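Q: Turn this into a structure:
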Amino acid sequence: EAKGFVEEMRFVAMKLHTKEQAPKEGGRETPAEAKPMAQWQPTTEGYLNFLVQSKLVYETMEEIVTNEELAIYKDFQNTGLERSAALEKDIAWFKETQGLEPKEIAPDSAAAEYS
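A: Numbering: from 1, shown residues only. This next block holds a predicted model:
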């Protein structure tokens, strides 16, 4: 029986999880320096950092899709998947309501290189 795309991606994604995150299907051992999942606590600052990193990724994708030299991606323009403007609003909301200043991503950082 042929597997669907979602099932195939799920299989791959589960192999990226640690055994602690997914005891039955996790494909990796938990690194010794990692905090156990039960001890990890999300923070507002951490979520803001996630939004900033996500915005960088979406800006990069949107830049690629709109690059005229990369016409192969033209079908991905104006699909509703654009998120950088919405993420900018979310980041501004955190600044205004929480008084948090987002950390800028340095151009030579791993996050910038990844995107």
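Q: what about the helices in the protein?
A: For the chain, the helices defined by DSSP state H cover 5-16, 44-66, 84-98, 110-114.
Q: Go ahead and flag the most central residue of this structure.
A: Ser54 (5.0 Å; Cα atoms, centre = their mean).
Q: Wait, Leu56 touches Ile105, no?
A: Yes: at 5.5 Å, Leu56 counts as touching Ile105 under the criterion of Cβ atoms under 8 Å. Every C-beta, even on glycine, is put in place using the N, C-alpha and C of the backbone.
Q: Looking at the helices of the chain, which is nearest to Gln77?
A: helix 44-66 (5.5 Å; Cβ to Cβ).
Q: list the contacts for the residue nearest to the centre of the chain?
A: Going by Cβ atoms under 8 Å, 6 or more residues apart in numbering, Ser54 touches 83, 87.
Q: just Tyr58 next, same as before
A: 82-84, 87.
Q: For those, pick the one with the most neighbours.
A: Ranked by the number of neighbours (other Cβ atoms under 10 Å), the contacts of Tyr58 place Leu87 first, at 20 neighbours.
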